[in-house]
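> Just the structure for this:
(2 chains)
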Amino acid sequence: MAAKATVPRKTRNPDLIRGVGKYSRSKMYHKRGLWAIKAKNGGVFPRHDARPAAETALVKPPKFYPADDVKKPLVNKHKPKPTKLRASITPGTVLIILAGRFKGKRVVFLKQLSSGLLLVTGPFKINGVPLRRVNQSYVIGTSTKVDFSGVNVDKFDDKYFAKAVEKKKKKGEGEFFEAEKEEKNVLPHEKKDDQKSVDTLLIKSIETVPDLKTYLAARFSLRSGMKPHELVF
Amino acid sequence: MPFKRYVEIGRVALVNYGEDYGRLVVIVDVIDQNRALVDAPDMVRSQMNFKRLSLTDIKIDIKRVPKKKELLAAMEAADVKKKWESSSWGRKLIVQKRRASLNDFDRFKLMLAKIKRAGLIKNELSKLKKVAA
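As a prediction, the model looks like this:
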């Protein structure tokens, strides 16, 4: 039977000590007003007939029972959340990428995507890093921030970066070897335009700060005597 | 080589070990052969082993175990802060702190500045070499 969600009632019987209430049974009878409920109902406690049971659909007995008892896995209602973003990383922060093709590059953070990956851009004209996704674990967040006002990155999400689905080609023996010479991936124009639209505003705000452009163009490296655990980034 | 910096009431020392590392304190009393009672404006008066203290050249004029107010007044009168920050030891510590707190961007700008300075020096040097030749 469906139980209504009620606010937990405050007991009228305070505890003297755990397990011992202040008032006796008869006192509590009076406090709860059961005498008044009975008086209203003609000397008897009101009785309600049972609620008619909800109609259950007719279930046919199964045709097949498995010979061994199969254990069912426990129910798991966890929904994955995107990775918690470090407090030091906010839109416009300069990040240092630590692994991959662009290791050492200093790059501007745009936003965190729903998969948890960070959307990042060079800007492309400055250091050759395009709009790209990067994992938070492979990134050092610096305390340098670029002015992020006016930049709109709402249209980018994980689907934007999905691989383009290739059409299945019919495999003929002679065509097999010729088909290898497909055209190399040409970036579609829209992606180039997206890159430009994000970058122009960023580059403008970068150029207002002296040396920031050369800073972003240079790669980060450790020199002799630099101890990463002592460096302030 | 006689000693020049003595442990005495009023000697300013730098803490070189422990929780208060880097703090300037004043020796306010000597407890025994190894320990001193030290005090500083922003610190609760406490005892410290002499091994944790590095004596400085600065000395202020106070009586044994002064009240905190008197200590503050004496430090103001002797201008300990200014003396410390203008001494070469104090200046070195300030520079060390500044270098340690540099941002990645600051370090980059510093590198550019160093390269520029080196270029100017080399220019002048080559000019002088030409004249000498």
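> Could you find the closest non-adjacent residue to A:Val146?
Closest residue to A:Val146 apart from its sequence neighbours, by CB to CB, 6 or more residues apart in numbering or on different chains: A:Gly92 at 4.6 Å. C-beta: built from backbone N, CA, C; applies to glycine.
> Going by secondary structure, A:Arg133 is in what exactly?
Assigned by DSSP states H and E, A:Arg133 falls within strand A:132-134.
> I'd like to check what contacts the very next helix or strand once past that strand. Which residues are they?
Per DSSP H and E, the first helix or strand lying C-terminal to strand A:132-134 is strand A:139-145. Residues from elsewhere that reach strand A:139-145, judged by CB atoms under 8 Å, 6 or more residues apart in numbering or on different chains: A:86, A:88-90, A:92-98, A:106, A:109, A:118, A:212, A:215, A:232-233, B:103-105.
> Keep only those of the residues you listed that are in helices.
A:Leu212, A:Tyr215, B:Asp104, B:Phe105 (DSSP state H).
> what's the burial count for A:Lys72?
6 (other CB atoms under 10 Å in any protein chain shown).
> who touches B:Phe50 in this structure?
By CB under 8 Å, 6+ apart, the contact list for B:Phe50 reads B:Val7, B:Asn34, B:Arg35, B:Ala36.
> What backbone torsions are found at it?
Note on B:Phe50: its backbone torsions stand at phi -60, psi -30 [degrees, to the nearest 10].
> Just the element for residue 27, please.
Using chain A. Using DSSP H and E, A:Lys27 sits in helix A:25-32.
> Not quite, go with chain B.
Per DSSP H and E: strand B:24-30 holds B:Ile27.
> What residues of that strand count as buried?
Neighbour counts over strand B:24-30 (16 or more other CB atoms under 10 Å in any protein chain shown) mark B:Leu24, B:Val25, B:Val26, B:Ile27, B:Val28 as buried.
> how about whichever helix in chain A runs longest: buried residues?
As assigned by DSSP H, the longest helix anywhere in chain A is helix A:189-208. Buried residues in helix A:189-208, counted by 16+ other CB under 10 Å: A:Asp194, A:Gln195, A:Val198, A:Asp199, A:Leu201, A:Leu202, A:Ile203, A:Ser205, A:Ile206.
> For the residue most central in space within chain B, which residues are in contact?
Taking CA atoms, centre = their mean, the centroid of chain B lies closest to B:Gly90, which sits 3.1 Å from it. Neighbouring residues of B:Gly90 by CB under 8 Å, 6+ apart: B:Trp84.
> Thought A:Phe109 was touching the residue nearest to A:Val146, still the case?
Yes - between A:Gly92 and A:Phe109 there is a contact under CB atoms under 8 Å: 6.8 Å.
> out of the two, which sits in the more crowded spot?
Neighbour totals were compared for A:Gly92 and A:Phe109, and A:Phe109 leads with 25 against 17 (other CB under 10 Å).
> State the distance from the closest residue to that one other than its chain neighbours to A:Asp147.
Computed as CB to CB, 6+ apart, the closest residue to A:Phe109 that is not its neighbour in sequence is A:Thr93, at 4.6 Å. Noted for A:Thr93: a distance of 12 Å to A:Asp147, by CB to CB, to the nearest Å.
> And these two? Which one has more around it.
Neighbours were counted for A:Thr93 and for A:Asp147 using other CB under 10 Å; A:Thr93 has more, 22 against 14.
> Where neighbours are concerned, which of the contacts of B:Phe50 has the most?
Top of these by neighbour count (other CB under 10 Å): B:Ala36, with 24 neighbours.
> what about it, which SS state?
strand (DSSP: H, G, I helix; E, B strand; the rest coil).
> Spatially nearest residue to it, not counting backbone neighbours?
Per CB to CB, 6+ apart, closest to B:Ala36 is B:Ile27, 4.8 Å.
> In contact with the residue nearest the centre of chain A, which residues are there?
Nearest to the geometric centre of chain A sits A:Pro82, at 2.5 Å (CA atoms, centre = their mean). By CB under 8 Å, 6+ apart, the contact set of A:Pro82 is A:Gln112, A:Leu113, A:Ser114, A:Ser115, A:Gly116.
> can you do 6 Å?
Neighbouring residues of A:Pro82 by CB atoms under 6 Å, 6 or more residues apart in numbering or on different chains: A:Ser114, A:Gly116.
> same question, A:Gln112
A:Gln112 touches A:Leu85, A:Leu118, counting by CB under 6 Å, 6+ apart.
> near chain A, which residues of chain B show up?
B:Ser101, B:Asn103, B:Asp104, B:Phe105, B:Phe108, B:Lys109 (CB under 6 Å from any CB of the partner chain).
> Format those residues as CSV; extra columns: pLDDT.
Listed next are these as CSV, based on pLDDT from 0 to 100:
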residue, pLDDT
B:Ser101, 93
B:Asn103, 92
B:Asp104, 93
B:Phe105, 94
B:Phe108, 95
B:Lys109, 95
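> Switch those residues over to TSV; also include neighbour count.
Listed next are the residues of chain B next to chain A as TSV, based on neighbours: other CB atoms under 10 Å in any protein chain shown:
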residue	neighbour count
B:Ser101	9
B:Asn103	15
B:Asp104	18
B:Phe105	20
B:Phe108	20
B:Lys109	16
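> of all those, which two lie farthest apart?
Pairwise distances across the residues of chain B next to chain A (CB to CB) peak at 15.0 Å, for the pair B:Ser101 and B:Phe108.
> Identify the residues contacting the strand or helix carrying A:Val120?
A:Val120 is located in strand A:118-121, with elements delineated by DSSP H and E. For strand A:118-121, contacts defined as CB under 6 Å, 6+ apart pick out A:107-113, A:131-132, A:134, A:136, A:156, A:198.
> Extract the residue ranges of chain A that are flagged as low pLDDT.
Within chain A, the ranges that satisfy pLDDT under 70 run A:1-5, A:167-185.
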